[in-house]
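Participant: Here you go, sequence then predicted model.
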Amino acid sequence: MNPTHLTADLNETQLAVVTAPTGPILVLAGAGSGKTRVLVHRVAWLISHEGVSPHAVLAVTFTNKAAGEMRGRIESLLGGPSGTLWIGTFHGLAHRLLRLHWREAGLPQTFQILDSDDQLRVVKKVVRAMELDETRWSPKELVYFINAQKDEGRRPKMLADEGDQTRQVMIKVYAAYEEACRRAGVVDFAELLLRSFELWRDQPDLLAHYQHRFGHVLVDEFQDTNAIQYQWVRLLAGPKSIPFVVGDDDQSIYGWRGARVENIHKYQRDFPGTTVFRLEQNYRSTATILNAANTLIANNSGRMGKTLWTDGARGEPIRLYAAFNERDEADFVITQIREWIRQGGKREECGILYRSNAQSRVLEEALLVARIPYRVYGGQRFFERAEIKDALAYLRLVSSRIDDASFERVVNLPTRGIGAKTLETVRDYARAQGCALWQASAATIAGGTLGPKGAQSLHGFLTLIERLAKETSGMPLHEQVDKVIHLSGLIDHYRKEKGERGEARVENLEELVSAANGYSPEEGSDLAPLESFLAHAVLESGEGQANEWEDSVQMMTLHSAKGLEFPLVFLCGLEDGLFPHQRSVNDIGGLEEERRLAYVGVTRAMRRLYISYAEQRRLHGIDQFGMPSRFIAEIPAELIEEVRPRVQVSRPLYSSRSGDTSGSRDTRKIEEPSHSSGLRLGQRVRHKKFGDGVILRLDGQGQGAQVEVNFERLGRKVLMLAYANLEPI
DNA sequence: CATACAGACATAAAC
DNA sequence: TGTCTGTATG
C-alpha cells in the first residue's frame, strides 16, 4: 500500500482527521472543504494502515448516488474492489438487514417495499375502509403524520391515549394502516428504518453480533439524520464500534422531512471523548463568495460555528440584478449565459438555482427561445413512471400474491372487465376475513357472491398471475420481465394509447427489460433475482434523464443543488415571500433553515455569482409585488455590484446592520402607469401606524379610491387612499 | 369504459 | 396560471 497517495494531497486538518487515533470523531465540514474526501480517505486509511478489515467497516449516506461515489472513490484509493465493506444508504442497509433477518423482524420472507405513491394509495384505502370523510381527513396529511411518527420511533401503541379527538383519529388510522401493511406483507420507507432499529433493540444477540462485526461506523451528511437514524447509529456504535461522522450544521436544509440538526450536539454527549475537527478551508469559491456566505450565515443562532476561508483570489464581485418581472429576470440570465459562452465557457458550467419548481417554467421558456440546451434536475424518475410501476406491480404479484397495493393497481389494467362493483365485494370480503385481496378473490369466486361476468374476469386475472409465475420461474430475470409485460397485456395496452405518449411508454417498458438485463444482484444476497430487482427498483428510483450528455445549462431547486458546484451560478427569485418562502417567514426556525438554504446556494458558486429578484412576479396567475429578499441585505454591500444600476439610485437595498429600510428604489416609470394620487404600483410607502410597505393595487379615483398595501410587518391591507396618509419613501 | 370537463391545489424531496 | 384528480357523461 502506498501511503503517500492517501495523504499527499490533504491539507493539515484533513490529514489530522484521516489519521486521527481511533475514537469517536465529529467532523464539521464546511461547504467545499473536502468533506466526502476526508471520509473516503479515512476508510482507506483504516484499512491500509490500521489493519482494519473491510469486513468491519460500515459507511452510511443518504442517496444512492453518494453511496456509489463513495464506493468508487474508496476502491480507487485501495486499488481494488472494496468487497465486503458495507456501503449504502440508511434505507438500503436497513433493507439488507431485514432481508437477512426477516424472521426475527417479524416479516414474511417475501416482504415488498412500498414507495411513497403506494403508501398514499394504502392510506387512502384505509381511510375509505374506516368510512372517514376524505376532505376532513386528508390522506396526504395522514401519510405525513404516520411518517413523522415512525421517524421518531413511535408506534401507535406508544402514542398516549390522550390528545384531542383529531389526534385520536389519526392514531387510529396509523394503527389501521400498520395492520393493512402487515396483511399485505409490505414495508414503507420509514418502516425499513424503524423495523431494523427495533430488530437490533429487541435482539441483543443480533445487535452484539453486528457491534462486534462493525468496528467502524461512518456517517456522511450527519446533519440530515432523523431521530430514528440517529438511534440506529447509536445502537450500533455501542461499546465496541467507533463512530466517525461528517456533517455541516449550516447546510441542514431537511428539517421538514424529519432531519434533526441537534443530533450533532447529541452526538458529543452520547459519545464522550469525541474529537471535533473543523474543515474550514474551502477549495471551491472565491474569497468574495465565501465572505458573502459567512456573513449571511452568521445571522443564524445556535451554530456550531465555522468560518470558510480560501487562500485563493478575491474574485469578482457578486452581481445583483433587480428585474422588472420574471420574464425580465429570465432574459437577464440568458444574456449572462450567452456572454459566458462567448468568453469560452461551457453551458454545463452554468447552474440556475431557484427556491421552488414553479419558477423553472419561465426560465425554461426563455432558454428554449434562446436555443440554449438545458437540463432540469428532479424530474420524474424512471422507476416512478406509471407504466413502469404497472409492470413492477405485476412482477410483485408474481413474487408475492398478498401485495394488495399491487393487486389493486393492475387487476383491471389493461381493462379486463373487473369493475368497481366486483372489487367492492372482494374488498369487503378481505376486510371481513382479514385476508389479502388475492385470497378474497379466490374465495368470492368460489362462494358465488360475484356476478358471473365479474367472477369470470377475476378468475382470468388470478389465472394470469399464476401462469406468469409458473412460466417465468427459473428464467433469467430479463426474460421474466419481458414475458410479464407482454403476457399481462401491458405492452399492447400502451401501444394502443395514441400519440407520442404511448410510444414513450412502450419504449420505457422495453427499457425496463434492458434494465433487468443489466442488473446484477448485490453480492452475498440470497434473494432470488426477481425479488432483488424489485427492491432495487424501489430503493433506487433511477436518474431522471439518463444519457442526455449534451453540454447543457443545469437547472434545479436549491435543495437539489446541495453537494454540487458550478463556475457560474444564478440565484433567482430572491424576493421575500418566495425566498425565504412565505410559509417560513413567521417562524424563526423556518427562517433559519431558509437562510441555510441561501447559504447552500451561495456556496455552490465557484467563480461568478448572480443574484436576481423581480419587482413584480406572476405566481399562480396573480401578480405579486415582492420586496428584495432579506438575505440580500445580509450580504455585505461592498461585495455586491449592481448590474445596470439605474440613475438616481445610490443603493436600492436596505442595509441589515442599521435596520434602515429607507434606501428608496426606483421603479421603472415607463412601465408603471401612474395614479392621480401620484402613487404607483410597487411603490414603497410609509404608514404612520402600519409601517412600511409596498403598493399592490390602486383602485378608483378621488374620494373613493382604495389602495392595497403589503406591509412588511402586517402583510396585506386594503385602505382608503383619502385617509391612509401614505407617504412615499 | 374511455374521454371530457370541473375543481382543487400550488415549498422543498431522498429512500 | 397550469397541472393533476376525480367524477360525469355518452
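Facilitator: Arrived safely, thanks for sending.
Participant: which parts of the stretch 501-650 of chain A sit against DNA strand B?
Facilitator: The stretch 501-650 of chain A comes close to DNA strand B at residues A:539-541, A:556-557, A:559-560, A:581, A:583-584, A:590, A:593, A:620-621, as judged by CB under 7 Å from any atom of the strand. Using the backbone N, CA and C atoms, a C-beta is placed for each residue, glycine as well.
Participant: Kindly recompute the last result at 10 Å.
Facilitator: For the stretch 501-650 of chain A, the residues in contact with DNA strand B (CB under 10 Å from any atom of the strand) are A:535-536, A:538-544, A:556-562, A:578-584, A:587, A:590, A:593-594, A:597, A:619-622.
Participant: ok, and of these, which contact DNA strand C?
Facilitator: Counting by CB under 10 Å from any atom of the strand, the subset of these that neighbours DNA strand C consists of A:Leu619, A:His620, A:Gly621, A:Ile622.
Participant: Show me which of those residues are buried.
Facilitator: When burial is judged by neighbour count using 16 or more other CB atoms under 10 Å, the buried members of those are A:Leu619.
Participant: tell me which element the closest residue to DNA strand C within the stretch 101-250 of chain A falls in.
Facilitator: Using CB to the nearest atom of the strand, A:Lys124 is the residue of the stretch 101-250 of chain A that sits closest to DNA strand C, at 6.7 Å. Secondary-structure assignment from DSSP states H and E places A:Lys124 in helix A:116-129.
Participant: which among the ones next to DNA strand C among the residues of the stretch 501-650 of chain A next to DNA strand B gets closest to A:Pro567?
Facilitator: Using CB to CB, A:Leu619 is the member of these that sits closest to A:Pro567, with 30.3 Å.
Participant: what about A:Lys496, distance to A:Glu507?
Facilitator: Counting by CB to CB, to the nearest Å, the gap between A:Lys496 and A:Glu507 amounts to 15 Å.
Participant: Around DNA strand B, which positions in the stretch 301-450 of chain A sit nearby?
Facilitator: Residues of the stretch 301-450 of chain A that fall close to DNA strand B, judged by CB under 10 Å from any atom of the strand: A:354-360, A:377-381, A:383-384, A:412-422.
Participant: Where does the residue of the stretch 251-400 of chain A found nearest DNA strand C fall, secondary structure wise?
Facilitator: With CB to the nearest atom of the strand, the shortest gap between the stretch 251-400 of chain A and DNA strand C falls at A:Arg361, namely 6.6 Å. Assigned by DSSP H and E, A:Arg361 belongs to helix A:360-369.
Participant: tell me which strands and helices that helix is in contact with?
Facilitator: Judged by 3 or more CB pairs under 8 Å, 6 or more residues apart in numbering; DSSP states H and E, the packing partners of helix A:360-369 are helix A:326-342, strand A:350-354, strand A:374-376, strand A:553-557.
Participant: Toward the C-terminus, what is the element adjacent to the last one?
Facilitator: Following the chain from strand A:553-557 toward its C-terminal end, the next helix or strand by DSSP H and E is helix A:558-561.
Participant: What strand or helix carries the residue of the stretch 451-600 of chain A found nearest DNA strand C?
Facilitator: Closest approach between the stretch 451-600 of chain A and DNA strand C, counting by CB to the nearest atom of the strand: A:Arg501, at 11.2 Å. Using DSSP H and E, the secondary-structure element containing A:Arg501 is helix A:499-517.
Participant: and the angle from the next helix or strand after that helix to helix A:116-129?
Facilitator: Once the chain leaves helix A:499-517, the next helix or strand it forms, by DSSP H and E, is helix A:529-539. Put simply, helix A:529-539 runs at 90 degrees to helix A:116-129, going by axes from the mean of the first three to the mean of the last three CA atoms, to 10 degrees.
Participant: From the chain's centroid, how far away is helix A:529-539?
Facilitator: From the chain centre to the centre of helix A:529-539 is a distance of 21 Å (CA atoms, centre = their mean, to the nearest Å).
Participant: Kindly calculate the angle that the helix holding A:Arg501 makes with helix A:529-539.
Facilitator: 130 degrees.
Participant: just the helices in the stretch 551-700 of chain A please.
Facilitator: Across the stretch 551-700 of chain A, reading from the start of the chain, the helices by DSSP state H, counting those that start in this stretch fall at A:558-561, A:588-602, A:630-633.
Participant: about what we covered before: any of the residues of the stretch 301-450 of chain A next to DNA strand B buried? List them.
Facilitator: The neighbour-count test (16+ other CB under 10 Å) marks A:Tyr354, A:Arg355, A:Gln359, A:Ser360, A:Tyr377, A:Phe383, A:Glu384, A:Asn412, A:Leu413, A:Ile418, A:Thr422 as buried among those.
Participant: Please list all residues in contact with the fourth one.
Facilitator: With contacts defined as CB atoms under 8 Å, 6 or more residues apart in numbering, the neighbours of A:Ser360 are A:Tyr354, A:Val376, A:Met555.
Participant: Which of these scores worst on pLDDT?
Facilitator: The lowest pLDDT within those belongs to A:Val376, with 91.
Participant: Go ahead and confirm it touches A:Val553.
Facilitator: No - judged on CB atoms under 8 Å, A:Val376 makes no contact with A:Val553 at a distance of 9.6 Å.
Participant: Looking at those two, which one has more neighbours?
Facilitator: A:Val553 (28 against 21; other CB atoms under 10 Å).
Participant: Am I right that the more buried one is in contact with A:Trp340?
Facilitator: No - judged on CB under 8 Å, A:Val553 makes no contact with A:Trp340 at a distance of 9.7 Å.
Participant: what is in contact with the two at once?
Facilitator: Listed as contacting both A:Val553 and A:Trp340 by CB under 8 Å, 6+ apart are A:Cys350.
Participant: Would you agree A:Ala16 is in contact with A:Phe277?
Facilitator: Yes - if you go by CB under 8 Å, A:Ala16 and A:Phe277 touch, sitting 6.6 Å apart.
Participant: who has more neighbours, these two?
Facilitator: Here A:Ala16 and A:Phe277 are compared on neighbour count by other CB under 10 Å; more neighbours surround A:Phe277, at 18 against 14.
Participant: The stretch 401-550 of chain A: helices as residue ranges?
Facilitator: Using DSSP H, counting those that start in this stretch, the helices found in the stretch 401-550 of chain A span residues A:404-410, A:420-433, A:437-447, A:452-472, A:477-487, A:490-496, A:499-517, A:529-539.
Participant: Name the stretch among these that sits most buried.
Facilitator: Ranked by average neighbour count under the criterion mean count of other CB atoms under 10 Å, the helices of the stretch 401-550 of chain A are headed by helix A:404-410 at a mean of 24.
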